[in-house]
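Asks: just to be clear, the model below is a prediction. Sequence and coordinates:
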Amino acid sequence: MIKHRDQIPSCDNCLLSEDSIFKHLTPEEHALVEKEKVCNSYKRGNVIYHEGSRTNGFYCINSGIIKIFKTGIDGREQIIAFAKKGGIIGYRSILSSELACSSAKVIEDATLCFIPGDTLIQLVKTNGNFSMAIMQQTCRELGEANSYITDIAQKTVRERLAEVLLNLKDTFDLDQDNVLQISLTREELANIVGTATESVIRLLSEFKHDKLIDLNGRKIKILDIKRLEKISNAFN
């Protein structure tokens with residue numbers, strides 16, 4: 001736990017973000033969250049919670065990147081989402097009173113604020129705008145899950161990899177050199193696409209040869225968005 005008060009992230013940052021559900025809080029509710037939250041720093045590889053565990057609160061990401069994944073029978077991860085600054089994770093199991101349906105692990109050093117489940121329930125019951133924002137986020141995540149299921153069933157691995165690269169661009173943006181602002185291992189990329197690591201390595205080499213991307217270790221530079229869109233069948 002972060003013990004020094006001046007190191008504890010302020011909720012003001014989330015209140016000012018247009019994408020944050022916390023922008024809907026009243027000053028009194030804001031003060032409640034500030035009072036109840038507990039913040040911690042995590043290193044890459046730290047697990048926040050495990051699939052099947054019982055959680056008693058949810059997390060707001062102040063910095064860093066978290067991957068959300070499910071584990072298959074063979075122990076292999078299937079990455080289903082990422083969470084970054086301003087995002088929340090672990091809230092659905094609180095609202096549904098169920099065990100966590102996925103696991104969360106840090107892939108870029110992070111600072112997270114833990115907010116008790118009772119506080120979330122109280123906000124949902126008393127703040128209509130906050131409740132609507134939670135429902136809208138849940139619906140977006142459900143829509144993304146449905147799209148992923150369709151892609152797995154109908155798209156080739158090549159098409160899925162192109163789509164994953166485009167989605168990562170949209171989620172994390174590109175720097176001034178058109179490099180994705182997220183660093184993933186080849187295994188992690190394969191766990192998003194839903195294929196073997198060897199297949200992703202081969203396809204990345206093909207994409208580089210075709211001048212769609214450039215590679216520098218884990219860094220991926222996007223060279224031709226239009227052709228990636230065409231390969232991904234993004235508009236079909």
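Replies: Cool, the structure landed.
Asks: now the helices for the protein?
Replies: Remark: helices assigned in the chain by DSSP state H are 12-16, 27-36, 91-96, 117-126, 128-154, 157-172, 186-193, 197-209, 225-232.
Asks: how far is the fourth one from where the chain is centred?
Replies: Between the centre of helix 117-126 and the centre of its chain there are 23 Å (Cα atoms, centre = their mean, to the nearest Å).
Asks: other SSEs contacting it?
Replies: Taking 3 or more Cβ pairs under 8 Å, 6 or more residues apart in numbering; DSSP states H and E as contact, the helices and strands that helix 117-126 lies on are helix 27-36, strand 57-71, helix 91-96, helix 128-154. Backbone N, C-alpha and C define where each C-beta goes, glycine included.
Asks: coming back round to it: can I get the helices of the chain in JSON lines with mean pLDDT?
Replies: Formatted as JSON lines, those follow (pLDDT from 0 to 100):
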{"stretch": "helix 12-16", "mean pLDDT": "63"}
{"stretch": "helix 27-36", "mean pLDDT": "92"}
{"stretch": "helix 91-96", "mean pLDDT": "94"}
{"stretch": "helix 117-126", "mean pLDDT": "96"}
{"stretch": "helix 128-154", "mean pLDDT": "90"}
{"stretch": "helix 157-172", "mean pLDDT": "95"}
{"stretch": "helix 186-193", "mean pLDDT": "95"}
{"stretch": "helix 197-209", "mean pLDDT": "97"}
{"stretch": "helix 225-232", "mean pLDDT": "95"}
